[in-house]
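A.B. asks: okay, sequence plus prediction incoming.
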Amino acid sequence: DGGITQSPKYLFRKEGQNVTLSCEQNLNHDAMYWYRQDPGQGLRLIYYSQIVNDFQKGDIAEGYSVSREKKESFPLTVTSAQKNPTAFYLCASSRSTGKSPYEQYFGPGTRLTVT
Amino acid sequence: GQNIDQPTEMTATEGAIVQINCTYQTSGFNGLFWYQQHAGEAPTFLSYNVLDGLEEKGRFSSFLSRSKGYSYLLLKELQMKDSASYLCAVRVGLTGGFKTIFGAGTRLFVKA
């Protein structure tokens, strides 16, 4: 079955600790994205990657880091510099070439709670 | 700047028709998407418009007017399972690639 997976579904961390959220896809998509969703604010783009070994900052990249060493994987690290890390994190992927519409396929999300 | 507006909440009755509006101000427009998101779950793709006009897909239709920066999602024969948030999203072209900007979503409540 093709899809996009994120683990774990729920994650709890103490303030001051870095934490890495995993995202894996087997859809052969070139583009991958990380979003953060807070109540009433929709999805905000943290980082995105159009191709392996390349990524760009989104609208709220401060306090986050990513890597894209493999096409299938796009892990997100939430660092201790992120002032308000508690949120629902969604990873997505899409095609970026060929016939549109280039819709995004989302993973099930990771709900991170930092206390 | 880039901005997408949609109503925060709507309520409709089972079996009825509901229209969810979306207005956008963006540069580098490259298509408009509608996604459905049930509470606590991931968004799923519903529809896509890149040219003006109506796209129909079963009980769901989506309309786009690029000159007005306006879209709507029309849901017919509402069912209780349609209670969800509906996200309007615009794909924009940037130097070196594309990104998608999401609206805050419209939470739809379907009542019996």
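C.D. replies: Arrived safely, thanks for sending.
A.B. asks: can you list contacts of the host helix or strand of residue B:86?
C.D. replies: Residue B:86 belongs to strand B:84-94 when assigned by DSSP states H and E. With contact meaning CB atoms under 8 Å, 6 or more residues apart in numbering or on different chains, strand B:84-94 is reached by A:42-43, A:102, B:2, B:4, B:6, B:20, B:22, B:24, B:26-39, B:43, B:46, B:71, B:73, B:98-103, B:105-108. From N, CA and C alone the C-beta is placed, and that goes for glycine too.
A.B. asks: for that strand, buried residues please.
C.D. replies: For strand B:84-94, burial by neighbour count (16 or more other CB atoms under 10 Å in any protein chain shown) applies to B:84-92.
A.B. asks: just put these in TSV and tack on pLDDT.
C.D. replies: Conversion of the buried residues of strand B:84-94 to TSV gives the following (pLDDT from 0 to 100):
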residue	pLDDT
B:84	97
B:85	96
B:86	98
B:87	97
B:88	97
B:89	97
B:90	96
B:91	93
B:92	91
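A.B. asks: and those residues as a markdown table, adding distance to residue A:70?
C.D. replies: Shown next, in a markdown table, are the buried residues of strand B:84-94 (distance: CB to CB, whole Å):
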| residue | distance to residue A:70 |
| --- | --- |
| B:84 | 33 |
| B:85 | 32 |
| B:86 | 34 |
| B:87 | 29 |
| B:88 | 32 |
| B:89 | 27 |
| B:90 | 29 |
| B:91 | 25 |
| B:92 | 27 |
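A.B. asks: among the residues you listed, which one sits closest to residue A:31?
C.D. replies: Closest approach between the buried residues of strand B:84-94 and residue A:31, by CB to CB: residue B:91, at 11.0 Å.
A.B. asks: residues in chain B within reach of chain A, list them.
C.D. replies: B:8, B:31, B:33, B:35, B:41-45, B:48, B:50, B:87, B:89, B:91, B:96-105 (CB under 8 Å from any CB of the partner chain).
A.B. asks: keep only those of the residues you listed that are in strands.
C.D. replies: Under the assignment DSSP state E, the residues of chain B next to chain A contribute B:31, B:33, B:35, B:44-45, B:48, B:87, B:89, B:91, B:97-102 to strands.
A.B. asks: hmm, which of the residues you listed is lowest in pLDDT?
C.D. replies: Ranked by pLDDT, those bottom out at residue B:97 (77).
A.B. asks: hmm, that one is touching residue A:50, no?
C.D. replies: Yes: between residue B:97 and residue A:50 a contact is recorded at 4.5 Å, counting by CB atoms under 8 Å.
A.B. asks: more neighbours, the two?
C.D. replies: Shown here are residue B:97 and residue A:50; by other CB atoms under 10 Å in any protein chain shown, residue A:50 has more neighbours (19 against 15).
A.B. asks: where does pLDDT dip in chain A?
C.D. replies: The model of chain A has pLDDT under 70 over residues A:1.
A.B. asks: ok, now with 90
C.D. replies: Residues of chain A that meet the criterion pLDDT under 90 lie in A:1-2, A:7, A:39-42, A:80-81, A:95-102.
A.B. asks: walking through it, point out its helices one by one.
C.D. replies: Read by DSSP state H, chain A holds no helices at all.
A.B. asks: interface residues of it facing chain B?
C.D. replies: So far as CB under 8 Å from any CB goes, chain A lies against chain B at A:31, A:33, A:35, A:40-45, A:48, A:50, A:56, A:58, A:90, A:96, A:100-109.
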